[in-house]
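> the following comprises the amino acid sequence and a computationally predicted model.
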Amino acid sequence: MQPPASYDEIVARVVAACDAPQLTLTRHPVADLGLDLLRVDIAPQAPALAHVGLFGGVHGDEPAGFISVLEFLEQRRWADHPGIAFSVFPCLNPTGCALGTRENADGIDINRTYDRDEVPEVRVLRAMIEHDAFDAFIDAHEDPEEDGFYVYAFLEDRAWHTEVVQAVAERGPVTGKSEVDETPVEAGLISVGEDRSREEAFQEYMEDGDWPLPFYLYSLGMRSGMTTETPGQIELATRVAMQHAARERVLELLTAARSAGA
Ligand SMILES: [Zn+2]
């Protein structure tokens, strides 16, 4: 498996994958870059139980993240979840993904700028989702330094967090470390401390500015999500399978919870 060689290749794959009546592709021009950000909306086959946002390609040197989102479309994995409406954002950092760099072509880590409109591709994305209200979102990343998976999780049911890690562990290694990215991690899980509410913790984090994407989503009222971090030191195909496993488990849990409550 090789990462896409260019943003044009990513766009071509998305366009080809959207050849189904349930899928609506919209292009959102980033005039400064001379390219479009893509959004794919997928209508549920049944009345929607939930609306889920899937994001990939924020960091261009983390290919399993955006490959897994491409495959979600190409392999029609959405069809396994007929009660869920999806909005899919396959590649948020087109120039970085083309270059294979964390930063965009201007050398900016866009995932520290979602609190403001200074970076063109971030400005466009912010406008693209400002009226959305996803019941859950998944931001697919990797940690190029690591040899084990971990996840930043703040899903609506804390019990889901360990289920996600267990599902991933069936596909590849989960980190045994007690700290990654200068943050405590326990059994592959980075979550808000037990002693504080999510709201308090997020307000504190967000006061510092330089938001990654999940903080912008949180500021829009989206309170349930996770950032998956597959380990860049192992084989790419395994990392992609781990991304699929994490997403699948959340979608299963969300469907079950909403079906029970319906
Ligand atoms: Zn990343």
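Noted; the coordinates are in hand.

> contacts only, for the closest residue in space to residue 231 that isn't next to it in sequence.
Computed as Cβ to Cβ, 6 or more residues apart in numbering, the closest residue to residue 231 that is not its neighbour in sequence is residue 146, at 4.3 Å. Placement of C-beta: from N, CA and C, glycine included. For residue 146, the contact set (Cβ atoms under 8 Å, 6 or more residues apart in numbering) comprises 175, 177, 180, 229, 231-233.

> and which of these is nearest the ion?
Ranking the contacts of residue 146 by separation from the ion, with Cβ to the ion as the measure, puts residue 229 on top at 7.2 Å.

> how is that closest one assigned, secondary-structure-wise?
Going by DSSP: H, G, I helix; E, B strand; the rest coil, the secondary structure assigned to residue 229 is strand.

> that one reaches residue 148, doesn't it?
No: taking Cβ atoms under 8 Å as the contact criterion, residue 229 and residue 148 are not neighbours in contact, 9.5 Å apart.

> compare these two (neighbour count), which wins?
For residue 229 versus residue 148, neighbours defined as other Cβ atoms under 10 Å are more numerous around residue 229 (31 against 21).

> which residues touch the more buried one?
For residue 229, the set of contacting residues under the criterion of Cβ under 8 Å, 6+ apart consists of 141-143, 146, 149-152, 180.

> say whether the ion is contacted by stretch 229-247.
No: figure legend: stretch 229-247 not in contact with the ion (Cβ under 5 Å from the ion); closest approach 7.2 Å.

> that stretch: which residues count as buried?
229-232, 234, 236, 238-247 (16 or more other Cβ atoms under 10 Å).

> pLDDT averaged over that stretch - what is it?
Across stretch 229-247, the average pLDDT comes to 98.

> thinking residue 226 is in contact with residue 156, fair?
No: applying Cβ under 8 Å, one finds residue 226 not in contact with residue 156, separated by 10.8 Å.

> between those two, who's got more neighbours?
Using other Cβ under 10 Å, the more surrounded residue of residue 226 and residue 156 is residue 226, with 25 against 15.

> mind pulling up the phi and psi values for the closest residue to the more buried one other than its chain neighbours?
The shortest distance from residue 226 to any non-neighbouring residue, by Cβ to Cβ, 6+ apart, is to residue 153 (4.4 Å). Backbone torsions of residue 153, given as degrees, to the nearest 10, read phi -120, psi 130.

> wait, doesn't residue 153 sit right on residue 164?
Yes: when contacts are counted by Cβ under 8 Å, residue 153 is listed as touching residue 164 (6.5 Å).

> quick one: the strands in the chain, in order.
Remark: strands of the chain, listed N- to C-terminal, are 23-30, 35-42, 50-56, 84-89, 136-143, 150-154, 179-180, 183-184, 189-190, 225-231; assignment by DSSP state E.
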